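Asker: Predicted model follows, preceded by the sequence.
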Amino acid sequence: MTFMPALRRIPGIALLLGSLAFAAVAIAQNDDFAEAGKLFRSGQQAQALERVDNFLKANPKDARGRFLKGLILTEQGKQADAIKIFTGLTEDYPELPEPYNNLAVLYASQGQYDKARAALEMSIRTHPSYATAHENLGDIYAKMASQAYDKALQLDKSNTAAQTKLEMIKELFSSGARGTGKPAAGKSTSTIVAAAKPAPLAPPPAAAPASPPPVATATPAAPATPPAVKPVEPAKSAAAPADSDVLKVVNHWAKVWSDNDVAGYLACYAPDFQTPGGEPRADWEAARKARIAKPKKIDVRVESPKVKFTDSNRVAVTFRQSYRSSNLKVASTKTLILVKAGDRWLIQQERVGS
Amino acid sequence: MITMTARHAGTISPLMRLLRLAVAAALAAVVGQAAAMGSRQAAQKAGDEASQIEPEAMLVKTLIEVRNNHLEAALAEVEKVIQSYPNFRLAHLIKGDLLLARSRPLKELGEAPNAPRDRIEDLRDEARVRLARYQFERPADRVPKYLLQLNAEQKHVLIVDTRHSTLYVFENNNGVPRYLADYYVSSGKNGSDKTKQGDKKTPLGVYHVTDNLPRARLGALYGIGAFPISYPNEIDRREGRNGNGIWLHGVPLDTYSRPPRASDGCVVLTNQDLETLGKDLRIGVTPVIIADGIDWIKPEKLEEVRKDLVASVESWRRDWESLDTDTYLKHYAPGFSSGGQDLAAWSQQKRQVNAAKTYIKVKLDRISAFLYPGRDDLAVVSFDQDYSSSNLSNEMKKRQYWVYEKGRWRILYEGGA
């Protein structure tokens, strides 16, 4: 059995934010920001704060500036103030995972694990493959587990504690940490902020959200770029009803499979279904029939499905498939390509992985 | 100081999945064939308790969710248990596991690192026992074979199954024992069949409640109250068993329950259960039968034994009234004893006494009879005896132990109760 990472890029958001934050910003003011970043990295927090405050005076809403200020305050031990900053960011930019993560780190440092957990779960909800948040969440759970064990065993002082090492994100729009599928190279120490990538900072995109960051578009576009806002939001909301139709079909497919209902299962597949090995349809059906009808008990579950429309009649659904039968347990990532036939969605392709 | 490490983003998600499977498998090992669960009859408790949440059922629900790999749901369930029973240690342990499962693989229940192994083992035992309790389907058409006959005063009878850490309450429904409730109990650290003072075992036998000790008279260990029972009884003494202070009691207030094998021989209930149960206990009346595993039999079979025994008792009574001392003495077993008298001494005394009488009248009332746990050849019969004769009358409560030898019941012990 194979375990495929369920990583997925969320394109567009970084671009969008970049555009929101910088459309109205004069280039010169970026000097304060850059300088604040340098000072922060060299440990001169008081000066860094001064610079970033300067920058924020002119750009009070700026996400990166506020983010940096949060980091500086954290370094200065002003946790309450830092929490305020990051909380504000989560309110203004709920689609950004980084502020949630850092908020969680701060909560955790105060022993408020439930709050930390909630914040991390928000972070992951916005970016399901956000590696740092996953790691941190794991640590939070370990910490909470330790508390529970202490209660279970009535230990006076905790000796069940797992090592907690929560990681603060120092870079907004850190695509690496959000999970590109590529491991970050080596151990990075303090150079992360400086490595702010040009791509997300690039001025507003005119491109469709799914396309890669248009590094080329160096000229700051006019602030009047409302279309840039649209691609993310409306796409999501408009997709919702169609999503649920597709998910209904996928869940039905898992159910008839679980019910050993061979006919119902095969009916989920389109007439032009591409058999995985390219074998004749009849052979594939026979093999499936044997597999599905044979086990006494099958339980197939679809977890964390992601629906991605290629167009209105074709959709890819990637999910964790957990399969249990009387003698086998497998979890894997699976992708189904469904096509619309009349008013029904049918499976045209099925493959392992995303 | 903020630390940063680069992490391998691609490993997270599959790892998390693996963990889920691992913890599910680990807990499933404890859950066992939990698939068959769910048919257990809910404890039929009095109206005011109907609304109470049954923590054991909730905990089992948690484990079933784990088995089905619904770890989120399992966590939600266990949180509910903890909310209602904040001192339920086993629930905290399972919660710990469910949380830890998100950051590392688990092999078994209770993965707390660096935790004292004995305490973990205790909690694992409790999990196993509670699951087994929940899974066990009490045979609805059968009764514990010990309950031969209840008298009208005995509204309730307790049967403790030390092997399965369960205390059953049967109520007396016009002489017919009817299941009322069952509770998780802890018993002796070293098991059952107590023989000696300090052996930390729970006695097996037929006893009754002898006292009700209020909380104010008790140490913290006993929780909200205690009901001493009549160990050692006449047969225990006869067999040389000693020790004392066997009680039904509660648990310290800082815990919801104790492990299955935890006491020095007492039968320990949760405070909540003891409070419920306490209302049904009558000093000097309520029988407490302790068995190492319960034999369940069809009421028809029980009735056969009962008839035979009760007929023997009636025959003994009649023969006593008849003043035919030889026939009367045939009801006594060769091994008979009563307060220092053996059969010979007893026979001699009876012959003397009866010789001086012109008549004897014996009335028996409120007869109860219990088969002794683990011993099909021994029964305890208790009754109110109204004795009158030409020269002496008295009324007393009497207890007899009857032994089945050579195809008939005979009296092994007789004395005031």
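Answerer: On my side now, so go ahead.

Asker: Give the full set of residues in contact with the nearest residue to residue B:293 once chain neighbours are set aside.
Answerer: Distances taken as CB to CB, 6 or more residues apart in numbering or on different chains place residue B:163 nearest to residue B:293, at 4.2 Å, with adjacent residues excluded. Every C-beta, even on glycine, is put in place using the N, C-alpha and C of the backbone. By CB atoms under 8 Å, 6 or more residues apart in numbering or on different chains, the residues touching residue B:163 are B:192, B:292, B:293.

Asker: cutoff 10 Å now
Answerer: Contacts of residue B:163 were listed using CB atoms under 10 Å, 6 or more residues apart in numbering or on different chains, and they are B:129, B:132, B:187, B:191, B:192, B:260, B:291, B:292, B:293, B:294.

Asker: now do residue B:288
Answerer: By CB under 10 Å, 6+ apart, residue B:288 lies in contact with B:157-160, B:167, B:205-210, B:227, B:229-231, B:246, B:248, B:267, B:281.

Asker: List the neighbouring strands of the strand or helix carrying it plus their orientation.
Answerer: The secondary structure element spanning residue B:288 is strand B:287-291 (assigned by DSSP states H and E). In the sheet containing strand B:287-291, its partner strands are strand B:156-161 (parallel), strand B:205-208 (antiparallel), by DSSP bridges.

Asker: which secondary structure elements does the helix or strand just after the first one contact?
Answerer: Scanning forward in sequence from strand B:156-161, with DSSP H and E defining helices and strands, the next element found is strand B:166-173. Of the remaining helices and strands, those touching strand B:166-173 by 3 or more CB pairs under 10 Å, 6 or more residues apart in numbering or on different chains; DSSP states H and E are helix B:117-135, strand B:143-144, strand B:156-161, strand B:176-184, helix B:271-278, strand B:287-291.

Asker: got the buried residues for strand B:166-173?
Answerer: Along strand B:166-173, the positions that meet the burial threshold by neighbour count (16 or more other CB atoms under 10 Å in any protein chain shown) are B:166, B:167, B:168, B:169, B:170, B:171, B:172.

Asker: Same question for stretch A:263-275.
Answerer: For stretch A:263-275, burial by neighbour count (16+ other CB under 10 Å) applies to A:265, A:266, A:268, A:269, A:270, A:273, A:274, A:275.

Asker: out of the residues you listed, which are inside helices?
Answerer: Helix and strand membership here follows DSSP state H; of the buried residues of stretch A:263-275, those in helices are A:265, A:266.

Asker: What are the structural domain limits within chain A?
Answerer: When chain A is parsed with automatic domain parsing, its domains come out as A:13-231, A:237-352.

Asker: Ignore what I typed, I meant chain B.
Answerer: B:10-135, B:143-297, B:299-416.

Asker: what about the helices in the chain?
Answerer: Reading this off chain A. When secondary structure is read from DSSP H, chain A shows helices at A:13-22, A:30-41, A:45-58, A:63-75, A:79-92, A:97-109, A:113-126, A:131-153, A:175-179, A:198-201, A:226-229, A:233-258, A:262-266, A:281-293.

Asker: actually chain B
Answerer: Shown for chain B, the helices assigned by DSSP H span residues B:12-31, B:55-67, B:71-84, B:89-100, B:117-135, B:234-238, B:271-278, B:299-321, B:325-329, B:343-355.

Asker: Tell me which of the strands paired with strand B:287-291 lies nearest to residue A:342.
Answerer: strand B:156-161 (63.0 Å; CB to CB).

Asker: by how many degrees do the closest one and helix B:117-135 diverge?
Answerer: 130 degrees (axes from the mean of the first three to the mean of the last three CA atoms, to 10 degrees).

Asker: Residue A:250: neighbour count?
Answerer: Neighbours of residue A:250 under the rule other CB atoms under 10 Å in any protein chain shown: 22.

Asker: who's in contact with it?
Answerer: The neighbourhood of residue A:250, defined by CB under 10 Å, 6+ apart, consists of A:268, A:302, A:305, A:307, A:315, A:317, A:319, A:321, A:334, A:336, A:338, A:345, A:347.

Asker: pLDDT for the residues you listed - can I get that in a markdown table?
Answerer: A markdown table is the format used below for these (pLDDT from 0 to 100):
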| residue | pLDDT |
| --- | --- |
| A:268 | 90 |
| A:302 | 89 |
| A:305 | 87 |
| A:307 | 86 |
| A:315 | 89 |
| A:317 | 90 |
| A:319 | 87 |
| A:321 | 84 |
| A:334 | 85 |
| A:336 | 91 |
| A:338 | 90 |
| A:345 | 88 |
| A:347 | 92 |
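
Asker: Kindly indicate which of those residues lies nearest residue B:318.
Answerer: Using CB to CB, the shortest approach to residue B:318 within those belongs to residue A:302, at 77.8 Å.

Asker: measure residue A:111 to chain B for me?
Answerer: For residue A:111, the distance to chain B (CB to the nearest CB, to the nearest Å) stands at 15 Å.

Asker: check contacts around that residue.
Answerer: Taking CB under 10 Å, 6+ apart as the test, what residue A:111 contacts is A:143, A:147.

Asker: In chain B, where is pLDDT below threshold?
Answerer: In the predicted model of chain B, residues B:1-53 satisfy pLDDT under 70.

Asker: on that earlier part again, quickly compare the domains of chain A and say which is most buried.
Answerer: When those are scored by mean count of other CB atoms under 10 Å in any protein chain shown, the highest mean neighbour count falls to domain A:13-231 (a mean of 19).

Asker: so where's the stretch 51-200 of chain A uncertain?
Answerer: Filtered on pLDDT under 70, the stretch 51-200 of chain A yields the residue ranges A:156-165, A:173-200.

Asker: now do 50
Answerer: Across the stretch 51-200 of chain A, the ranges flagged by pLDDT under 50 are A:159-163, A:176, A:179-200.

Asker: The closest residue to chain B within the stretch 251-354 of chain A bridge partners, please.
Answerer: Scanning the stretch 251-354 of chain A for the residue nearest chain B gives residue A:331, at 4.6 Å (criterion: CB to the nearest CB). Residue A:331 has these beta-bridge partners by DSSP bridges: residue A:322.

Asker: Hmm, residue A:303 and it touching each other?
Answerer: Yes: the criterion here is CB atoms under 10 Å, and residue A:331 meets it with residue A:303 at 8.4 Å.

Asker: one step back: who wins on neighbours among the contacts of residue B:163?
Answerer: Within those, residue B:187 tops the neighbour count with 29 neighbours, counted by other CB under 10 Å.
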